[in-house]
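1. Generate coordinates for the sequence data below:
(2 chains)
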Amino acid sequence: MQFFQPMLDGLYATFIYDDRWVLFVRGLGYTLLISLFAVLFGLILGILAALGRLSKSKILNWIAGLYIDVIRGTPTMVQVLIFYFVILAGARSIPAWFVGVIAFSINSGAYIAEIVRGGILSINKGQTEAGRSLGLTQAQTMRLIIMPQTLKNILPALVNEFIVLIKETAVIGMINNIDLLGAAKKVQTLTYDFLWPLLSCAIIYYVVIKIFSLLLSRLEKRLRASDDRR
Amino acid sequence: MSMIEVKNLKKSFGDHVVLKNITESIEKGEKIVVIGPSGSGKSTFLRCINRLEEPTDGHIYIDGEDICDKKCNINHVREKMGMVFQQFNLFPHLTVLENITLAPLNVKKQNKDSAKRRAMELLKTVGLEEKADAYPGQLSGGQQQRIAIARALAMDPEIMLFDEPTSALDPEMVGEVLDVMKKLADEGMTMVVVTHEMGFAREIASRVFFMDEGIVYEQGTPSEIFDTPQNPRTKSFLSKIL
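-> Have a look, this model is predicted:
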């Protein structure tokens, strides 16, 4: 008992006293909210940018290329700060989490674009030819034949990117401590203790990502039902 | 009006000229078998007919419509032409039934029930009814190719193009695919077949095209081509493979 006392004290001060667990729950809520939308919009943006890079149109090609180049070439943290303090500086009514969704979607989309492009290029040309020879349009062939196979093949790489994204949302703390790490920081300043707030924060992140990757590996198994590889 | 009319067709890839100048017409119900050494342009010729390859010059009329015309809706013309590939190219993420009904549902906007009924009929024709819910990866090469034929037939095409349909198959599976093609020929389908199966050519062809170096060197009935070839190139090619 003697041995565990400091730990119990630490956890009590971190979570129970003054209902500080509410801070963690709220912070986790924002982290999940930002992550969820950023994953969703990042994927959409990434697919669009990949299609742009693969399109015959020089303009679309150039726009998509520039987007990917600029976003990959600058730090996420700087991008978030620019969005909040420069681009959206005049729109202070926009909540910080929403700025986060925009910034992280745009950031993630650039990386996803290259994953998707690689995936599309890995599909045998015969698939497109078979689709077109049946009278399907280019767009139908992409949507019904190429994309489903691409998404299945790139799922492991996408999961990787999503995990990076979930963790990277902690950067939102640069503009507002609304997220999970922000909650830990707030508690830190109240208790003058670094160990328990940070350790708790790390464990919560770990559990969230564990659940997320388990769910997606189950999805992957389902999608693999049509082939023999496991 | 011919079913397929090819006028001065030329195709090059960069500096490499594959088709030099082809002018042929193919009537409704004819079965054309295209033979020739590899690199002679047979496959390119076939692929130009449904514009999987863009012709460099010339005209191709399908049922009177010029598919080389910029204004031509190629997707619409392709509905009338089925194509079967050497590598089958079934869609691996879809079941056999979904492979066959994909185009009827999305291009012809058929309703699900009638598309499925038609697909099951076709599966019966190719002898693979019991494979409706299987995935392509679970089937043998011969079975996959028969499904690919059924998939093309589901659009009720007027013309069927075959690009070396048996070349990727194990020898014991060639027969089952050729049988399906013979059945199709007997039903009066207009067919253009690129193949190395000379026995098949002799049996079903109304005309045989011998291609080499990007032109049709010689053509005629199977017996003209196989028994009394006139051109020395045809003779030397046939002596190598027969």
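2. any idea which element residue 48 lies in?
-> No chain specified, so I'll use chain A. helix A:21-54 (DSSP states H and E).
3. nope, chain B
-> helix B:42-49.
4. how close does A:Val207 get to A:Gly173?
-> Here A:Val207 is placed at a distance of 20 Å from A:Gly173 (Cβ to Cβ, to the nearest Å). For glycine as for every other residue, the C-beta is placed from the backbone atoms N, C-alpha and C.
5. er, A:Val25 actually
-> For A:Val25, the distance to A:Gly173 - Cβ to Cβ - is 17 Å.
6. Between the two, which has more neighbouring residues?
-> A:Gly173 (21 against 14; other Cβ atoms under 10 Å in any protein chain shown).
7. Tell me who's in contact with the more buried one.
-> Going by Cβ atoms under 8 Å, 6 or more residues apart in numbering or on different chains, A:Gly173 touches A:Asp179, A:Leu181, A:Gly182, A:Lys185.
8. show me what contacts the residue nearest the centre of chain A?
-> Residue closest to the mean C-alpha point of chain A, counted by Cα atoms, centre = their mean, is A:Leu165 at 3.3 Å. Neighbouring residues of A:Leu165 by Cβ under 8 Å, 6+ apart: A:Ser35, A:Ala38, A:Val39, A:Gly42, A:Phe104, A:Asn107, A:Ser108.
9. Now for the fifth one, how many residues are close by?
-> When neighbours are counted by other Cβ under 10 Å, A:Phe104 registers 27.
10. just to revisit the earlier point, from the contacts of A:Leu165, which is closest to chain B?
-> Comparing the contacts of A:Leu165 against chain B with Cβ to the nearest Cβ places A:Val39 closest, at 22.6 Å.
11. Please tell me how far the closest one sits from A:Ser213.
-> Distance of A:Val39 to A:Ser213, given as Cβ to Cβ: 13 Å.
12. which one of those two has more residues nearby?
-> Shown here are A:Val39 and A:Ser213; by other Cβ under 10 Å, A:Val39 has more neighbours (20 against 14).
13. Show the backbone phi and psi for the nearest residue to that one once chain neighbours are set aside.
-> Spatial nearest neighbour of A:Val39, excluding adjacent residues (Cβ to Cβ, 6 or more residues apart in numbering or on different chains): A:Phe162 at 5.2 Å. Here the main-chain torsion angles of A:Phe162 (degrees, to the nearest 10) amount to phi -60, psi -40.
14. so the host helix or strand of A:Ile209 versus helix A:21-54, what angle?
-> Here A:Ile209 sits within helix A:195-223, counting by DSSP H and E. Following axes from the mean of the first three to the mean of the last three Cα atoms, to 10 degrees, one obtains 40 degrees for the angle between helix A:195-223 and helix A:21-54.
15. who in chain B is up against chain A?
-> Counting by Cβ under 8 Å from any Cβ of the partner chain, the positions of chain B adjacent to chain A are B:50, B:52, B:75-76, B:78-79, B:81-83, B:85, B:87, B:89-95, B:102-103, B:106-107, B:135, B:137-138, B:148, B:151-152, B:155.
16. Whichever of these end up buried, select them in PyMOL.
-> The buried residues among these can be selected in PyMOL (16 or more other Cβ atoms under 10 Å in any protein chain shown) with this line:
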select buried, chain B and resi 50+52+78+79+81+82+83+85+87+89+90+91+92+93+94+95+102+103+106+107+135+148+151+152+155
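17. contacting residues for A:Tyr111?
-> Counted by Cβ under 8 Å, 6+ apart, A:Tyr111 has contacts A:Gly46, A:Arg72, A:Glu161.
18. out of the residues you listed, which is most surrounded?
-> A:Gly46 leads the contacts of A:Tyr111 on contacts (other Cβ under 10 Å) with 24 neighbours.
19. Nearest spatial neighbour of that residue, chain-adjacent residues omitted?
-> A:Gly46 sits nearest to A:Ile112 (Cβ to Cβ, 6+ apart), 2.7 Å away.
20. Can you give the contact residues for the longest helix seen in chain B?
-> Under DSSP state H, the helix in chain B containing the largest number of residues is helix B:171-186. For helix B:171-186, the external contacting residues (Cβ under 8 Å, 6+ apart) are B:31, B:125-127, B:140-142, B:145-146, B:149, B:153, B:160, B:162, B:165-166, B:169, B:191, B:193, B:197, B:200, B:203-204.
21. Okay, buried residues for that helix please.
-> For helix B:171-186, burial by neighbour count (16+ other Cβ under 10 Å) applies to B:Met173, B:Val174, B:Glu176, B:Val177, B:Leu178, B:Val180, B:Met181, B:Leu184, B:Ala185.
22. got it, and stretch A:88-100?
-> Residues of stretch A:88-100 classed as buried: A:Leu88, A:Ala96, A:Trp97, A:Val99, A:Gly100 (neighbour count, 16+ other Cβ under 10 Å).
23. now stretch B:123-134
-> Quick answer for stretch B:123-134 (16+ other Cβ under 10 Å): B:Leu123, B:Thr125, B:Val126, B:Leu128, B:Lys131, B:Ala132, B:Ala134.
24. I'd like to check which residues are in contact with the residue nearest to the third one when sequence neighbours are not counted.
-> Setting aside the residues directly before and after it, B:Val126 is nearest to B:Arg146 in space (Cβ to Cβ, 6+ apart), at 4.0 Å. Applying Cβ under 8 Å, 6+ apart, one finds that B:Arg146 lies in contact with B:Val126, B:Gly127, B:Leu128, B:Glu176, B:Val177, B:Val180.
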